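> Here is a sequence with its predicted model. Questions after.
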Amino acid sequence: MDGSLLFIGCKKIKVMSKEKFYVYLEDESSIEDTNFDSYNKGTQLMLEILVEQNFEFESFEQYENIVNDLEKCRDEDDVEDVMYNIGTDYIDELEVHIAWMDLMFPRPEKSPYLNYAE
């Protein structure tokens, strides 16, 4: 994600070699999430999608609750439930649960059931 872009919901910006993740709230305040890099890659992906979609958090507590819910996800259905509660378009239109699954459980590049003769 390009740190020079301004996002309304959250923003990741590069400072030297370390990225900072900022959470933007509906009251137009911002708070740095110093724990962002410690979240699993699936949680980071979902938060970055919320950034791209200009999602605004009601409060930092709401943000922390969403992070906690995402960190507990163990499969596609769990992520679908969390993201659907944030907004139905994340599942119905963007299918973010599939992107989460692809990141967390990557598939092999080649099928073991096909012949790849050169």
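Sure, I can see it.

> just so I have it, where are all the strands in this protein?
10-15, 18-24, 30-33 (DSSP state E).

> Please name every helix or strand in contact with the second one.
In terms of contact count using 3 or more C-beta pairs under 8 Å, 6 or more residues apart in numbering; DSSP states H and E, strand 18-24 is assigned the packing partners strand 10-15, strand 30-33. Every residue, glycine included, has its C-beta placed from N, CA and C.

> what's the least confident stretch among the strands of the chain?
Among these, strand 10-15 has the lowest mean pLDDT, at a mean of 46.

> Contacts only, for the residue nearest the centre of the chain.
Nearest to the mean C-alpha position of the chain, by C-alpha atoms, centre = their mean, lies residue 46 at 1.6 Å. The contact partners of residue 46, by C-beta atoms under 8 Å, 6 or more residues apart in numbering, come to 70, 79, 82-83, 96, 100.

> Could you check how far it is from residue 115?
37 Å (C-beta to C-beta, to the nearest Å).

> can you check residue 77 too?
34 Å.

> Which one of those two is surrounded by more residues?
Taking other C-beta atoms under 10 Å, residue 77 and residue 115 do not tie; residue 77 has more neighbours (11 against 5).

> Nearest spatial neighbour of the more buried one, chain-adjacent residues omitted?
Take residue 77 and drop its neighbours on the chain: the residue closest to it by C-beta to C-beta, 6 or more residues apart in numbering is residue 97, 7.7 Å away.
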